[in-house]
Structures are given as C-alpha cells and as structure tokens.
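Trainee: Got a predicted structure here, sequence first:
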Amino acid sequence: MSEVTSNGNGARRRIHPGSGRRRAPAFPKGRQLDPAALSAVRDLLGARPRQRDFLIEYLHLIQDAEGFLKADRLQALAEEMRLPMAEVYEVASFYAHFDIVLDGEADPPPVTVRVCDSLSCEMAGARKLLEDLPGALGADVRVVRAPCMGRCDRAPAVEVGHRHVETATVEGVEHIVAGGHHHPDVPAYQDLEAYRAEGGYAVLTECRRTPDGGGRHRGVE
Ligand code: FES
C-alpha cells in the first residue's frame with residue numbers, strides 16, 4: 001500500500017503526487033482502451049510528433065487542459081505514443097505536479113495546496129501545516145504532501161496551485177488561496193539573445209571553432 005493522504009474532502013487516496021519517486025505500481029492488467037479518451041488525447045496532441053522525448057510535455061498538455069491526469073488518458077497517451085503504460089505511469093507519478101486520478105477516485109478540487117514535507121520543511125513546521133491547513137482552507141481545497149521544492153532556505157515551503165509560498169503560515173496560505181492568484185511570478189531574467197549579445201558563450205564558441213578544442217584557454221599547450 002502506498003502513501004495515503006487527504007484530498008481535502010476527507011476522502012483517502014492510494015497515491016499522492018510524486019509518489020512515483022518511491023514506487024511504481026503497474027496499471028491493472030487487461031484494461032480496455034476507452035475510445036473517447038483516445039479521441040480526447042489525439043485532439044489535444046493534434047499534429048505534434050509522437051516522439052517519446054515529448055512525453056513530459058504531453059503530460060503537461062493534458063494536465064493543463066483537464067486539470068489532472070485520469071488513468072484512461074494515460075492509457076490513451078501510451079497507446080498514441082506507442083509506449084508501455086507502465087512507462088507513462090512511472091513518469092507521471094514521479095513528478096509532484098502531475099495529478100493522477102485513478103479509476104473510482106473523485107476528481108480533485110480546483111485548487112491544490114502542496115506542502116513540502118522534506119527534511120528542512122519538516123523541521124520548520126510542515127507537519128503542523130499539514131494538520132491545520134485542511135481545516136482552515138475547507139473542502140474546496142486539496143492539501144497534499146510534496147517533495148522538496150528547492151526552497152529549503154525559506155522553509156516551510158508551500159505551493160498554492162503553481163505559486164510558491166515561502167516561510168509559510170496557515171494565515172499566509174489562506175490569504176493567497178482567497179486571492180485567487182495561483183500562478184508563478186516569473187522574475188525578470190536575461191534571455192539567451194541578450195546573454196549572447198553581451199559575450200555569453202564566447203569561450204565555448206571559440207573552443208568549438210579552434211582545432212585544439214580551445215586548449216589555450218585551459219593553459220594546455
Ligand atoms: S525541504 Fe522543503 S523546500 Fe527543500
């Protein structure tokens with residue numbers, strides 16, 4: 001039996017996002033492909049190439065369009081991409097942001113709050129957040145555990161939808177949930193063209209151009 005977690009309405013589910021980091025249960029054998037699911041997946045993929053290296057991108061495509069990944073969509077995607085179902089499931093269950101909905105499970109509520117329960121956040125109060133947030137946020141918000149979000153220096157870290165909350169408190173998370181802004185705030189950044197225009201990758205470019213592979217830059221004669 002894998003991890004069990006609350007889905008915000010008191011129901012218990014067999015897996016939670018990211019559980020594939022720990023184990024990879026197989027699909028039930030003999031499952032029949034649902035033509036409607038196949039049609040839906042084909043519509044979403046359109047003319048995109050059915051190459052296996054696009055698997056994660058296509059999982060995002062389905063999740064963004066439908067809000068979660070139903071098991072029949074995963075099976076249809078596997079069929080469409082000529083991949084084993086187990087491979088599609090393992091990739092989808094590895095990443096915390098993919099919400100797999102197994103047969104018989106209710107669709108998750110529209111808002112999901114993920115609480116990091118890895119070491120730094122655990123030490124900074126994640127367990128208490130996991131206890132208190134479901135009651136504070138109500139049945140329309142799902143609260144689940146999640147693996148490290150790379151914000152260990154600002155623990156405990158929480159994600160409301162795709163918006164990170166650092167040094168999270170119950171009140172702070174409540175405020176962000178109620179505000180409705182659940183998308184990431186992308187900071188201003190230098191794009192590739194601007195970086196190149198300022199001399200970025202100049203040494204790499206020269207290394208590739210020179211016969212000695214840029215040895216003089218490394219002090220190699
Ligand atoms: S341990 Fe929580 S963000 Fe890293």
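Mentor: Received it, and whenever you're ready, just let me know what you need. Numbering: from 1, shown residues only.

Trainee: mind checking the SS state of the residue nearest the centre of the chain?
Mentor: With distances taken as Cα atoms, centre = their mean, the residue of the chain nearest its centroid is H97 (2.2 Å). Counting by DSSP: H, G, I helix; E, B strand; the rest coil, the backbone at H97 sits in coil.

Trainee: Okay, and the residue nearest to Y201 when sequence neighbours are not counted sits in which element?
Mentor: In space, and not counting its chain neighbours, Y201 is closest to Y195: 7.4 Å by Cβ to Cβ, 6 or more residues apart in numbering. For every residue, glycine as well, the C-beta is placed using N, CA and C. Following DSSP states H and E, one finds Y195 within helix 192-197.

Trainee: send the alpha carbons of that helix over as PDB?
Mentor: C-alpha atoms of helix 192-197 as PDB (Å, rounded to 0.1, in the frame of the first residue of the first chain):
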ATOM      1  CA  LEU A 192      19.500  33.900 -24.400                       C
ATOM      2  CA  GLU A 193      19.900  36.500 -27.100                       C
ATOM      3  CA  ALA A 194      20.700  39.200 -24.600                       C
ATOM      4  CA  TYR A 195      23.200  36.900 -22.900                       C
ATOM      5  CA  ARG A 196      24.900  36.200 -26.200                       C
ATOM      6  CA  ALA A 197      24.900  39.900 -27.200                       C
END
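
Trainee: now whichever helix or strand comes after that helix: how far from the chain's centre is it?
Mentor: Later in the chain than helix 192-197, the nearest helix or strand by DSSP H and E is helix 202-209. Its chain's C-alpha centre and that of helix 202-209 lie 36 Å apart, by Cα atoms, centre = their mean, to the nearest Å.

Trainee: Can you give me the neighbour number for the nearest residue to R48 once chain neighbours are set aside?
Mentor: Of all residues not flanking R48 in the chain, F54 sits nearest, at 6.7 Å (Cβ to Cβ, 6+ apart). For F54, the count of nearby residues is 15 (other Cβ atoms under 10 Å).

Trainee: give me the low-pLDDT residue ranges for the protein?
Mentor: 1-30, 212-221 (pLDDT under 70).

Trainee: And the helices in it?
Mentor: Secondary structure of the chain by DSSP state H: the helices cover 35-45, 55-66, 71-81, 85-94, 119-123, 126-137, 170-179, 192-197, 202-209.

Trainee: Now tabulate the ones you listed in TSV and tack on distance to the ligand.
Mentor: Converted to TSV, these look like this (distance: least, Cβ to the nearest ligand atom, whole Å):
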stretch	distance to the ligand
helix 35-45	32
helix 55-66	21
helix 71-81	28
helix 85-94	17
helix 119-123	3
helix 126-137	7
helix 170-179	14
helix 192-197	28
helix 202-209	32
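
Trainee: ok, and which of the ones you listed has the densest surroundings?
Mentor: Mean neighbour count (mean count of other Cβ atoms under 10 Å) peaks for helix 71-81 among those, with a mean of 21.

Trainee: Mind exporting the C-alpha coordinates of that helix to CSV?
Mentor: C-alpha atoms of helix 71-81 as CSV (Å, rounded to 0.1, in the frame of the first residue of the first chain):
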residue,chain,number,x,y,z
ALA,A,71,-5.9,6.8,-15.8
ASP,A,72,-7.7,6.4,-19.1
ARG,A,73,-5.8,9.5,-20.5
LEU,A,74,-2.5,7.9,-19.5
GLN,A,75,-3.5,4.7,-21.3
ALA,A,76,-4.6,6.6,-24.3
LEU,A,77,-1.3,8.6,-24.4
ALA,A,78,0.6,5.4,-24.1
GLU,A,79,-1.3,3.9,-27.0
GLU,A,80,-0.9,7.0,-29.1
MET,A,81,2.9,7.3,-28.4
